[in-house]
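Peer 1: When you get a sec, could you give me coordinates for this:
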Amino acid sequence: MVFVALGSNSGDSQRIILETMARLQNFSSWPILKSSLWRTSPVDCPPGSPTFVNAVVGLEPRSDETPESLLAKLRELEREFGRAPKKIPNEPRPLDLDLISFGTEMRRTPELMLPHPRAHLRRFVLQPLSEIAPDLILPGCRETARQLLAALRSGETVTRL
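Peer 2: Numbering: from 1, shown residues only. Below you'll find the model as predicted:
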């Protein structure tokens, strides 16, 4: 199973996330798992950044899919929804897709780190991930998504929409 985190804080974020979820179904050989939508506070963003709408999707990759090929498809989806090259780190964006995990695969390249190196530290990832895969153990971790969420101490706010 592959898990992808979705975020948007520019434009009609709820619509963008819902449309992206529908599009992600095309990348899966089974019906996707979809979390609720969550309104979340911006983390490590420029001052005054708008709140985010976040979610997580679980999909079963097609047999010929690799983490790198899926990442390329996710980047193309971001561009289709209007994401421009970054000018400022973590600036507002209509769509941000992060590959959280790809089965048990691990990567440490300039283009891709698996599992996502900060997923276990972010409530905006762990809250929706725990909703659809509470017993998931990310590669390299010992705790489940639910346990990571319960132990997390952060100032982030997350509210189910």
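
Peer 1: Quick check: Asp12 vs Leu18, distance?
Peer 2: 10 Å (Cβ to Cβ, to the nearest Å). In short, each C-beta sits where N, CA and C put it, glycine included.

Peer 1: actually Leu148, not the one I wrote
Peer 2: Taken as Cβ to Cβ, the span from Leu148 to Leu18 is 26 Å.

Peer 1: Compare the two and say which one has the larger neighbour count.
Peer 2: Higher neighbour count among Leu148 and Leu18: Leu148, with 23 against 16, using other Cβ atoms under 10 Å.

Peer 1: Can you classify that one as helix, strand or coil?
Peer 2: Here Leu148 is recorded as helix under DSSP: H, G, I helix; E, B strand; the rest coil.

Peer 1: State the pLDDT value of it.
Peer 2: On pLDDT, Leu148 comes in at 97.

Peer 1: Give the closest residue to it in space, chain neighbours not counted.
Peer 2: Residue nearest to Leu148 in three dimensions, not counting chain neighbours: His120, with 5.1 Å by Cβ to Cβ, 6 or more residues apart in numbering.

Peer 1: neighbours of the one you found, just the number please.
Peer 2: 20.

Peer 1: tell me the phi and psi of it?
Peer 2: Backbone torsions for His120, taken as degrees, to the nearest 10, come to phi -70, psi -10.

Peer 1: Just the helices from this structure, written as ranges.
Peer 2: Applying DSSP state H to the chain gives helices spanning 13-24, 67-80, 123-132, 145-151.
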